[in-house]
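Asker: Fold the stuff below for me.
(2 chains)
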Amino acid sequence: MQLRTVLHRRFRGDGETDFVYVATSAAILGVDAPTGAIVDAFATASGRDDEQWLAEQPDAAQAASSLHDLIDLGVIRPVGEAQAPRAQLPPMPFPLATLVLNVTNKCNLSCTYCYEYGEDRLTAGTGSKGAGKARMEDDTARQSIDFLLRNCGDRPQVSITFFGGETLLNFPAIRTAVEYAEQRATALRKRVHYSLTTNATLLTDEVIDFLTQHRFGITVSIDGDQKEQDRHRTFQKGVGSFATIAPRIQLLVAKNKERKGRSLGARVTLTAGAAPVPDTYRFLTQELGFDEVGFAPVTAGLGRTYALGELGYERLLREFGELAEDYIAAAIRGESHGFANLGDLLRELHQGVNKAHPCGAGLGLLGVSTEGDIGLCHRFVESKDHELGNVATGLDEAARTSFLQRAHVDTKTDCTKCFARPLCAGGCYHEAHVRYGDATKANLHYCEWIRGFVDLGLRSYGRILSRNPRFFARFETS
Amino acid sequence: MTNTDPVPPPVNVPRPRARILACNQKARQLAALVLAQRGDTRALTQDPPPTQYPYGCTTIFAPGWEVDSSNGTHGLCQPIERDLYDCYHTCYWPAQVPDGVTNAPSWTSSCGAPMQDWKSIDLVFP
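Answerer: The predicted structure follows:
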């Protein structure tokens, strides 16, 4: 019978064991040299006849036993084997886990690369004003909470994320939503987790006190030191924002530490000409006191000068590799490290996440506009083309299901031969919309970057596993 | 599969090295599934490569056997007498009858109508 190794990626650790990432199942197997050689021997386009191959092996019994194991584990399979049909969608309506409330669409900064107000906006409206109401009213905030709790099924815990615009421009709505959610969740015996993204310009003592008291997961959008921050993250008259936010962040860090709050995250938008990633990481963690830092290449349509070109992505991957060395060293010592991109990737690799959709948008997560209109996520609210109902009148389940069917990874033929598919599944809907005008398309413009990054994750996984396998216990799900 | 333990053994423990280690959670789930299935009955199509199975075997599973409620065979959907020949010609249950291809090609020659004279079939000794 003709057998062939399925879509996979081989990688090494620090010891004698080699590894195989099996892209069809997202399993990671350690293999000794003879078993690795079998994986390689059958990794040809047309496959290989097993009996003929076994007859050539010096230790046929051992080879047959290993081959049988690899067949059963789905690493080597018959050529042309019929694939069991993959479930298109989980049972719908899928229970909600997270609701992102865009409490305002106004912002007090005018970052030059912003997808919300820049050249790549999805919504109508001009300047720093969105198309809908500038601020979410208290009633809409309360209706949103009711909507979430009505649609979360049996989940014992739900999450509410506040977003903007600059989120803290509408602090009253946040306070109203949290107080109402506490009251409703207590009655329903559910727990609520809060998080928020802010540019840190409006972090007053009162706000910091409220956020830390309710154990918010806080993410600050910040691009690095003064030079980095002030290049793109400016006030409307072009004045940089670093001098305003640095002292406020220090207050937040101190209070959060005092109250033993959740880990504090920085989110860095990477543009052409940005400082080296490891330098920015060290500045944000050591100088400003963030626990975690996540880096995201800027979302940009074609031809934007701030976009990372191909060379930019290459440089980025190299710098991610440098920072990964720090992560690996910490992990081998059994310590945490705040390089969030790599930490998230290692978690997904360890759990063996195999995605049918790139993210939870439309599934467990939805966004709500200032007027209560529901979108796939916070990036799509106020986009009339992607509306999924309103928190007052309910979710448009037909539109939701239809989108998810069209966005399933199996419909993205470009992804079928990619080993990174279980983790990427075609990438961000919003990115695809900005780039191709269709949210269900695969983001082909950053495939090489994703594959390079997943490769870095696999190599890091192998090296940590070889030296300190117990590190991964923190990522286990029950 | 020789080891589903996520933590490889320390190097100084004298035990044979595993050839395949299930490293992440998904691999461990798969390995547990495979180990649980081994030795169990399963459909032929689930076990590639199907090198151990006789050619021509039926794909249906039709237990019609022994006796009916009146202790006879006529009420059965598959009387034992016919079942006997099904084993022979269509390889329904090959372990139950002599090998008619090489070792006992004429073991049914004395039996023309098994529903009437199945008792005349020769004994075959391996």
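Asker: Map the structural domains onto the sequence of chain B.
Answerer: The record's domain parsing of chain B by automatic domain parsing lists B:1-40, B:44-126.
Asker: biggest helix in chain A, by residue count?
Answerer: Among all segments of chain A classified by DSSP state H, the helix with the greatest residue count is helix A:310-332.
Asker: For that helix, which residues meet the burial criterion?
Answerer: Judged by neighbour count using 16 or more other Cβ atoms under 10 Å in any protein chain shown, the buried positions of helix A:310-332 are A:312-313, A:315-317, A:319-321, A:323-324, A:326-328, A:330-331. Every C-beta, even on glycine, is put in place using the N, C-alpha and C of the backbone.
Asker: what residues are up against the closest residue to chain A within chain B?
Answerer: With Cβ to the nearest Cβ, the shortest gap between chain B and chain A falls at B:K26, namely 2.2 Å. Taking Cβ atoms under 8 Å, 6 or more residues apart in numbering or on different chains as the criterion, B:K26 is in contact with A:S25, A:A26, A:A27, A:I28, A:Q351, A:G352, A:N354.
Asker: quick revisit: could you tell me the least trusted of the domains of chain B?
Answerer: Summarising mean pLDDT across these, the least confident stretch is domain B:44-126, with a mean of 59.
Asker: got a list of what residue 33 touches?
Answerer: Because you didn't say which chain, this covers chain A. If you count contacts by Cβ under 8 Å, 6+ apart, then A:A33 has A:E16, A:D18 around it.
Asker: that older thread, which strands and helices lie in contact with the longest helix of chain A?
Answerer: helix A:277-282, strand A:292-297, helix A:340-351, helix A:447-467 (3 or more Cβ pairs under 8 Å, 6 or more residues apart in numbering or on different chains; DSSP states H and E).
Asker: Let me know the closest of the buried residues of helix A:310-332 to chain B.
Answerer: A:A331 (14.8 Å).
Asker: from memory that closest one sits against A:P469, does it?
Answerer: No. Contact status for A:A331 versus A:P469: not in contact, 10.4 Å apart, counting by Cβ atoms under 8 Å.
Asker: circling back: isn't there a helix covering the residue of chain B closest to chain A?
Answerer: Yes. Under DSSP: H, G, I helix; E, B strand; the rest coil, B:K26 sits within a helix.
Asker: Give me the nearest residue to it, chain neighbours excluded.
Answerer: Leaving aside its chain neighbours, B:K26 sits nearest to A:G352 (2.2 Å; criterion: Cβ to Cβ, 6 or more residues apart in numbering or on different chains).
Asker: Measure how buried that neighbour is and give me the count.
Answerer: For A:G352, the tally of surrounding residues (other Cβ atoms under 10 Å in any protein chain shown) stands at 22.
Asker: which residues touch it?
Answerer: A:S25, A:A26, A:A27, A:I28, B:N24, B:Q25, B:K26, B:A27, B:Q29.
Asker: Which members of those residues are classed as buried?
Answerer: When the contacts of A:G352 are checked for burial by 16+ other Cβ under 10 Å, the buried set is A:S25, A:A26, A:A27, A:I28, B:N24, B:Q25, B:K26, B:A27.
Asker: which other residues reach whichever strand or helix holds A:E179?
Answerer: If you go by DSSP states H and E, A:E179 is part of helix A:171-188. In this structure, residues lying in contact with helix A:171-188 by Cβ under 8 Å, 6+ apart are A:101, A:103-104, A:135-138, A:141-142, A:144-146, A:149, A:158, A:160, A:162, A:167-168, A:191-192, A:194, A:196, A:202, A:207, A:210, A:214.
Asker: Narrow those to those in strands?
Answerer: Judged by DSSP state E, strands contain the following of the contacts of helix A:171-188: A:L101, A:V158, A:I160, A:F162, A:R191, A:V192, A:Y194, A:L196.
Asker: who wins for most neighbours among those residues?
Answerer: Ranked by neighbour count under the definition other Cβ under 10 Å, these are headed by A:L101 with 30 neighbours.
Asker: if I look at it, how far off is chain B?
Answerer: 33 Å (Cβ to the nearest Cβ, to the nearest Å).
Asker: What confidence value was assigned to that residue?
Answerer: According to the model's per-residue confidence, A:L101 sits at a pLDDT of 97.
Asker: thinking again about what came up before, relative to helix A:340-351, how tilted is the longest helix of chain A?
Answerer: Taking axes from the mean of the first three to the mean of the last three Cα atoms, to 10 degrees, helix A:310-332 and helix A:340-351 form an angle of 60 degrees between their directions.
Asker: quick one on the thing from earlier: now flag whichever of the buried ones among the contacts of A:G352 is closest to A:G13.
Answerer: A:G13 lies nearest to A:I28 out of those, by Cβ to Cβ, at 10.7 Å.
Asker: I'd assumed that closest one was in a strand, is it?
Answerer: Yes. When classified by three-state DSSP, A:I28 is found to be part of a strand.
Asker: ok, back up a step: angle of the longest helix of chain A against strand A:292-297?
Answerer: With the same axes, to 10 degrees as the criterion, the two stretches helix A:310-332 and strand A:292-297 enclose an angle of 160 degrees.
Asker: Let me know the helix or strand that the nearest residue to A:D205 once chain neighbours are set aside is in.
Answerer: The shortest distance from A:D205 to any non-neighbouring residue, by Cβ to Cβ, 6+ apart, is to A:L251 (7.0 Å). Secondary structure here is read from DSSP H and E; on that basis A:L251 sits in helix A:242-258.
Asker: mind checking how far A:L288 is from A:L252?
Answerer: As defined by Cβ to Cβ, to the nearest Å, A:L288 lies at a distance of 10 Å from A:L252.
Asker: between the two, which one's more packed in?
Answerer: The neighbour comparison of A:L288 against A:L252 (other Cβ under 10 Å) goes to A:L252, with 25 against 21.
Asker: who's in contact with the more buried one?
Answerer: Contacts of A:L252 were listed using Cβ under 8 Å, 6+ apart, and they are A:A200, A:L203, A:I208, A:L211, A:T212, A:I218, A:V220, A:L264.
Asker: just to revisit the earlier point, quick one: closest of the helices and strands packed on helix A:310-332 to chain B.
Answerer: helix A:340-351 (4.9 Å).
Asker: what about that closest one, distance to the chain center?
Answerer: Mean-position distance between helix A:340-351 and its chain equals 10 Å (Cα atoms, centre = their mean, to the nearest Å).
Asker: Let me know the next secondary structure element after it.
Answerer: From helix A:340-351 onward toward the C-terminus, using DSSP H and E, the following helix or strand is strand A:365-368.
Asker: helices and strands around the following helix or strand past that following strand, which ones?
Answerer: Where DSSP H and E defines the elements, the next helix or strand beyond strand A:365-368 is strand A:374-375. Judged by 3+ Cβ pairs under 8 Å, 6+ apart, the packing partners of strand A:374-375 are strand A:365-368.
Asker: I'd say A:F380 and A:A432 touch.
Answerer: No. Here A:F380 does not reach A:A432: they are 11.5 Å apart, not a contact under Cβ under 8 Å.
Asker: Pull up the gap between A:T197 and A:Y446, please.
Answerer: Distance check for A:T197 against A:Y446: by Cβ to Cβ, it reads 22 Å.
Asker: ok, A:I464 - how many residues close by?
Answerer: Taking other Cβ under 10 Å as the neighbour definition, A:I464 ends up with a count of 23.
Asker: ok now do it, which residues does it touch?
Answerer: A:I328, A:A331, A:I332, A:L346, A:F471, A:F472.
Asker: mind giving me TSV with the residues you listed and columns for pLDDT?
Answerer: Output for the contacts of A:I464, formatted as TSV (pLDDT from 0 to 100):
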residue	pLDDT
A:I328	98
A:A331	97
A:I332	96
A:L346	98
A:F471	95
A:F472	95
